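> Structural data only, the sequence is not supplied:
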Ligand code: SDX
């Protein structure tokens, strides 16, 4: 390829690096569809299990297909004793995202055929990782709190089973539904950084565990999935809703990034932020957390006045912070929640990559010197 043909796009902005049948995003209009179905319709009418089936099979399931898919998922909920022992060997003050990344990688050692990467093998491993990662999070959290491990309950949905394993009691319908909506809205989102990481790794025909591990590592970054924790830290620093405007204006004056705002693709409000805003308001009312919701709303109004012209709007992380807080999740479990959902998207992209693979190997524009003489160390 001649130099003239090479074009450099920093951060690969605007570069089409893969084709997908899963998420369609129109960043100008603020549209997100999973296999053509609007995210709002899925959030209001679907379930996380049905959404995963949709993403992996490119169509909605029949009732019997959904029943079989759900049965298969639930059959993998339980973490083996060896993995529980591994989790209990982690320092209790370890960051949950480091534990999750390490344990998903560790899962490969308890798979009898870890390197199999046919499409069918990738589907099976994806199902296993998706099903058991909630237990990894719940086991570590209860272990670090000095509480008994709560075994998975295969009679419960994905959302209800996670909250049950975490809290040791069956969640209410409302909390289960709220968590399910969070999982649906976070499941997939085109070629975001962590999904790209997964595709890059599997494109070498490495294994599914390595690909998902790489994606977890990417997601924890504060510019990506880690932003939801950053939003909560910001909300906790604002004493009352009346202080929100001055707090944000000071951040803007100091040229600080406001977590939960801005997006490489959306130049309108992220449709997921709208769904989660509605959910956050309802949950905040039900749980007596309206101050968090009102502070968020006040921040959004300031940012709309100051930054809408630059195309900076709330993204998925902005209202997910209040939502997770109202569900009762600890701050350092917010980004792990993003992992639980996005394993669906990462896996779907791993499968798509394997179905039509070509090794990812971009090029560089060399801007260094040429014809430089080697100088021996004595003469430097
Ligand atoms: C996710 O890609 C995906 O789809 C990701 C995701 C998914 O579902 O997988 O949607 C999930 O990661 C959402 C984004 C979560 N991250 C944050 O909320 C962190 C805060 N946001 C940013 O740092 C930023 O908006 C990014 C990283 C999300 C996008 O950055 P870009 O596209 O690289 O844009 P940029 O950093 O080049 O910024 C362009 C301009 C800059 O101003 P100038 O230097 O041109 O004057 O916009 C400004 C930036 O300073 N800007 C912000 C801002 N985001 C961008 N200014 C203040 N606050 C912000 N949040």
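Alright, I've got the coordinates. Only a predicted model underlies this, so the values are computations on that prediction, with no experimental measurement involved.
> Would you confirm that residue 87 contacts residue 96?
No. Residue 87 is beyond contact range of residue 96, at 10.7 Å (criterion: C-beta atoms under 8 Å). (Each C-beta comes from the backbone N, C-alpha and C, glycine too.)
> So in terms of bridging, what pairs with residue 26?
residue 31 (DSSP bridges).
> The ligand contacts on the stretch 201-350 of the chain?
Within the stretch 201-350 of the chain, the positions near the ligand by C-beta under 6 Å from any ligand atom are 223-225, 227, 257-265, 310, 312, 315-317.
> can you check the stretch 51-200 of the chain too?
189, 190, 192.
> can we see that at 8 Å?
186, 188, 189, 190, 191, 192, 193, 194, 195 (C-beta under 8 Å from any ligand atom).
> Now the two most distant members of the residues you listed.
Maximum pairwise distance among those (C-beta to C-beta): 15.8 Å, between 186 and 191.
> Of those two, which one has the most company?
residue 186 (24 against 19; other C-beta atoms under 10 Å).
> I'd like to know how many residues surround the spatially closest residue to that one that is not a sequence neighbour.
In space, and not counting its chain neighbours, residue 186 is closest to residue 341: 3.6 Å by C-beta to C-beta, 6 or more residues apart in numbering. Neighbours of residue 341 under the rule other C-beta under 10 Å: 23.
> how about the helix or strand hosting residue 341: buried residues?
Using DSSP states H and E, residue 341 falls within helix 334-355. Residues of helix 334-355 classed as buried by neighbour count (16 or more other C-beta atoms under 10 Å): 334-354.
> for it, packing partners?
helix 48-57, helix 96-107, helix 119-144, helix 173-186, helix 193-202, helix 208-219, helix 227-237, helix 316-327 (3 or more C-beta pairs under 8 Å, 6 or more residues apart in numbering; DSSP states H and E).
> just the angle between the fifth one and helix 119-144, please?
What that stands for is helix 193-202. With axes from the mean of the first three to the mean of the last three C-alpha atoms, to 10 degrees as the basis, helix 193-202 and helix 119-144 are set at 130 degrees to each other.
> same deal with the last one?
Calculated by the same axes, to 10 degrees, helix 316-327 forms an angle of 50 degrees with helix 119-144.
> tilt between helix 316-327 and helix 227-237?
Using the same axes, to 10 degrees: helix 316-327 against helix 227-237 is 60 degrees.
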